[in-house]
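K.L.:
Fold the stuff below for me.
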Amino acid sequence: MSLGFSVDELLPRARGGGQLKMGLVKLGGSEWLQSDPDLAARAEGFAAFPEGIQVTPEGEAAGRELATGLDVSGGLAEAAHAHHEDMCLLTRRNGEEHYRLVGAAVAWPSDWTPADKMGLPLRALHAPIQGYEEQLASGVDRFMEKLRPGPIYGRANWFIAATPDMRWVAEPPARAFAHVTPENAGSTLFVRSERQTLRRLPRTGAILFTIGIYVSPFGRLAPANVQRLADAMRSLLDGEGERRGAGAYAHGLIGYADATQEESRP
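P.N.:
Predicted coordinates:
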């Protein structure tokens, strides 16, 4: 199974709670980036969030290499304007073991601001993720070290949001989800999935991290995915639920899923 380009296609590949893992799948060149980006939406996204473009001097050469490889004039910003995916660049300084964020062109971030993250190593970038240091950090570092030019790897994740906005700024969960009930969760909860890919640029050796954002109302998902998310809520509540704000919407999500499943029975 490869990665698709919609929430319904990505959810079966996305982690649903429990042990943190990279969950990578190898992608072919034609599977790397979405082939039909809405460039007007991309332009609007960057216009509304100009601070989403941040490039340090260390990232400029890699940005130019990326743009050239995508047949785009310019650098990182122009490459991201021309595609559906947000794009980030990571490099490793001489004498250092860890990769740092040196460039970001992000129109639709999931509750983060690139200026706050520039120059940080991977472990600091992921510090808010509960369990990352203990369960995943060493494995990610090894993968980055071994990644060679050519292969492309992808993974997916998901979040529950109270808005369909492509640029998501999370509110305190108790406020954001106060209106959600089992009866209306299908239209008031939104599933936000990130389709992430990793590859190494051949000339500069920088690692390119792309993030394709896809959003769907909970109630429009395939029935199997509605149940998949309901099942995931239980493990999230026992683990990283606090970070995700799951306690504020789990009752409504699970109640909606259970009612939907009951209605579908003959």
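
K.L.:
I'd like to know how many residues surround D258.
P.N.:
Under the neighbour criterion other CB atoms under 10 Å, D258 is assigned a count of 14. Where you see a C-beta, it was placed from the backbone N, CA and C, and this is true even at glycine.

K.L.:
so which strand or helix has it?
P.N.:
Secondary structure from DSSP states H and E places D258 in helix 250-264.

K.L.:
Buried residues, that helix. List them.
P.N.:
In terms of neighbour count (16 or more other CB atoms under 10 Å), helix 250-264 has its buried residues at 250-257, 260.

K.L.:
right, and G255 touches A185 too?
P.N.:
Yes - counting by CB atoms under 8 Å, A185 is a contact partner of G255 at 6.9 Å.

K.L.:
now S193, which residues is it bridged with?
P.N.:
The bridge-partner assignment for S193, based on DSSP bridges, gives W158, Y214.

K.L.:
ugh, wrong one, T197
P.N.:
G154, T210.

K.L.:
I'd like to know how far it sits from L208.
P.N.:
Counting by CB to CB, to the nearest Å, the gap from T197 to L208 is 8 Å.

K.L.:
quick check, distance from the helix holding D258 to the centre of its chain.
P.N.:
The chain centroid and the centroid of helix 250-264 are separated by 26 Å, computed with CA atoms, centre = their mean, to the nearest Å.

K.L.:
what about stretch 116-124, average pLDDT?
P.N.:
Throughout stretch 116-124, pLDDT has a mean value of 84.

K.L.:
Which positions in it come out as buried?
P.N.:
Applying 16+ other CB under 10 Å to stretch 116-124 flags 117-118, 121-123 as buried.

K.L.:
ranges for the strands of the stretch 51-200 of the chain?
P.N.:
Along the stretch 51-200 of the chain, counting by DSSP state E, counting those that start in this stretch, strands occupy 53-55, 86-91, 100-105, 152-161, 190-200.

K.L.:
S35: which of those strands is closest?
P.N.:
For S35, the closest of those is strand 190-200, at 13.1 Å, according to CB to CB.

K.L.:
other SSEs contacting that closest one?
P.N.:
helix 7-10, strand 152-161, strand 207-217 (3 or more CB pairs under 8 Å, 6 or more residues apart in numbering; DSSP states H and E).

K.L.:
Pick out the shakiest of these, pLDDT-wise.
P.N.:
In terms of average pLDDT, strand 152-161 trails the rest of the helices and strands packed on strand 190-200, at a mean of 93.

K.L.:
Please point out which parts of that one sit buried.
P.N.:
Across strand 152-161, burial judged by 16+ other CB under 10 Å covers 152, 154-161.

K.L.:
just stretch 183-200 next, same as before
P.N.:
In terms of neighbour count (16+ other CB under 10 Å), stretch 183-200 has its buried residues at 185-186, 188-200.

K.L.:
residue ranges with poor pLDDT in the stretch 151-266 of the chain?
P.N.:
Filtered on pLDDT under 70, the stretch 151-266 of the chain yields the residue ranges 237-244, 264-266.

K.L.:
swap the cut-off to 80 and go again
P.N.:
Within the stretch 151-266 of the chain, the segments meeting pLDDT under 80 span 234-244, 262-266.
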